[in-house]
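Here is a sequence together with a model predicted from it:
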Amino acid sequence: MNDDYAYINARIRAMKSRLLDRAFLEKLMAEEQIHSIVGLLRGTDYGKHIEEALTLEVSEIAAVEEGIRRRLAQVYSGIYAMVTGAPKRLLGILLGRWDIYNIKTVLRGKFSGEPPEQVLGSTVPVCRLTEPLLKEMLKQPDIKAVVELLITWNSDYYPPLQASLSDVFATNSLTGMEIALDKFYFERSLGFLKRGLDDESTRMVMESLGREIDMLNILAALKIVANQIPQAERGGLFIPGGIEIKAEDFLSAASSRDLEEALGKFAHTSYRSVLAQAKERFSGSAGLPAVERLLDRNLIERGAGMFRRNPLSIAPVIGYLWLKLCETVNLRIVCRAKVAHLPETLIREGLIFV
């Protein structure tokens, strides 16, 4: 087993050496026009994908977005293809979050009536739901048809979607369906891990999932307060399996009078620093998206930090997955900000350096 990880992680370290560094981001930020930024990106691993996207006769910023999406999907799929045995099973669980992300993206697109090509551009096909399958899902006329298609495919993901379909029509909201999907993914993944090997790599994957659950529960509690969701509906929004955020913490925060009080309810956890920062910088429900970005940043920083842990375990792979995601987040921030002519101080505020 250790030999497997020694081989995998040697390749991962080589891949990490190709990540775009801070100096390159500074070069991008120094440019004023998206055309110049495209010129710089042509010399990177994103170049080929951006060139391919430009042949579709889209704008340069759209080509950059598509190039970033394709490169991320290629890298993640490549890592999944190069591992076998227990590492592949663990990596499949970690990358399964992208299947969930893609299903939610398709459902949201159908719900809001977005054009299929636009929705597809927001997906990252890296696991079971490949791009051709996502295209087939996007051809369906509505959410009910998407769920029925997953049933005909005997997809692992159809049970929670089928069970929550009536809730979508009753509430005219996807919240219940998305929570059901999250619960299904985390419950099934943690159940599999608990039944598997009790080794360091398995525990690290459980830790990684547990941190994601904590973040989702904190955010859900804040949304309950911001949107004044009735008490009877709150418990159903809690996802079990987190590391630090227990059901009683969640319900206590969800019953707060305002967001400031809710943020303070997590002061006993290791998330207190990022939440104190959120409390200081943002106020009112208008600040909720900004708080969400801070929580996402914290999740990326924690995940990327795993790269420095045991080199004979899955830790460097987990760390690299987050580092690569961080790279794409930063690229999107710089490119979108340049097109929108946002001030440099605002761009730097959004960047994540790990």
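Done, it's in.

ok, Asn217 touching Gly242?
Yes: look at Asn217 against Gly242 with Cβ atoms under 8 Å: they come within range, at 5.7 Å. Where you see a C-beta, it was placed from the backbone N, CA and C, and this is true even at glycine.

How much space separates the residue nearest to Phe353 when sequence neighbours are not counted from Val334?
Closest residue in space to Phe353, ignoring its immediate chain neighbours: Arg22 at 6.1 Å, by Cβ to Cβ, 6 or more residues apart in numbering. Here Arg22 is placed at a distance of 12 Å from Val334 (Cβ to Cβ, to the nearest Å).

For the two, indicate the residue with more neighbours.
Comparing Arg22 with Val334 by other Cβ atoms under 10 Å, the one with more neighbours is Val334, at 24 against 10.

Identify the residue spatially nearest to that one, adjacent ones excluded.
Leu28 (4.9 Å).

Now Glu260: closest residue in space that isn't a chain neighbour?
Lys279 (5.9 Å).

brain fart, Glu212
Of all residues not flanking Glu212 in the chain, Leu299 sits nearest, at 6.6 Å (Cβ to Cβ, 6+ apart).

What of Arg332?
Using Cβ to Cβ, 6+ apart, the nearest residue to Arg332 is Ile68, at 6.3 Å.

Just the pLDDT at that neighbour, thanks.
At Ile68, the model reports a pLDDT of 97.

now do Val354
If you check Val354, the pLDDT there is 88.

contacting residues for it?
Contacts of Val354 were listed using Cβ atoms under 8 Å, 6 or more residues apart in numbering, and they are 300-301, 304-305, 322-323, 326.

farthest-separated two in these?
Gly305 and Cys326 (11.2 Å; Cβ to Cβ).

neighbour count winner among the two?
Legend: neighbour count by other Cβ under 10 Å for Gly305 and Cys326, higher for Cys326 (20 against 15).

On the three-state scheme, the more buried one is what?
helix (DSSP: H, G, I helix; E, B strand; the rest coil).

Would you mind measuring from Gln33 to Ala63?
14 Å.

I'd say Arg86 and Val205 touch.
Let me fix one detail, which is that residue 86 is Ala and not Arg. No: with contact defined as Cβ under 8 Å, Ala86 does not reach Val205; the gap is 10.6 Å.

More neighbours: which of these two?
The neighbour count for Ala86 versus Val205, taken as other Cβ under 10 Å, is higher for Val205 (24 against 17).

Secondary structure element holding that one?
helix 200-227 (DSSP states H and E).

Determine the angle, from 0 to 180 degrees, between the worst-scoring helix or strand of the chain on mean pLDDT and helix 200-227.
None of the helices or strands of the chain scores lower by mean pLDDT, DSSP states H and E than helix 272-281, at a mean of 85. Here helix 272-281 runs at an angle of 20 degrees relative to helix 200-227 (axes from the mean of the first three to the mean of the last three Cα atoms, to 10 degrees).

Packing partners of helix 272-281?
Applying 3 or more Cβ pairs under 8 Å, 6 or more residues apart in numbering; DSSP states H and E, we find helix 272-281 packed against helix 259-264, helix 288-305.

right, and these - which one's nearest Lys144?
Lys144 sits nearest to helix 288-305 of all the helices and strands packed on helix 272-281, at 29.2 Å, using Cβ to Cβ.

How about the closest one, which residues are buried there?
288, 291-295, 297-300, 302-304 (16 or more other Cβ atoms under 10 Å).

need these in JSON lines with distance to Leu237 and pLDDT, can you?
Below are the buried residues of helix 288-305 laid out as JSON lines (distance: Cβ to Cβ, whole Å; pLDDT from 0 to 100):
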{"residue": "Leu288", "distance to Leu237": "15", "pLDDT": "84"}
{"residue": "Val291", "distance to Leu237": "17", "pLDDT": "86"}
{"residue": "Glu292", "distance to Leu237": "15", "pLDDT": "88"}
{"residue": "Arg293", "distance to Leu237": "21", "pLDDT": "88"}
{"residue": "Leu294", "distance to Leu237": "20", "pLDDT": "91"}
{"residue": "Leu295", "distance to Leu237": "16", "pLDDT": "92"}
{"residue": "Arg297", "distance to Leu237": "23", "pLDDT": "94"}
{"residue": "Asn298", "distance to Leu237": "20", "pLDDT": "95"}
{"residue": "Leu299", "distance to Leu237": "19", "pLDDT": "96"}
{"residue": "Ile300", "distance to Leu237": "24", "pLDDT": "97"}
{"residue": "Arg302", "distance to Leu237": "23", "pLDDT": "96"}
{"residue": "Gly303", "distance to Leu237": "24", "pLDDT": "97"}
{"residue": "Ala304", "distance to Leu237": "28", "pLDDT": "97"}
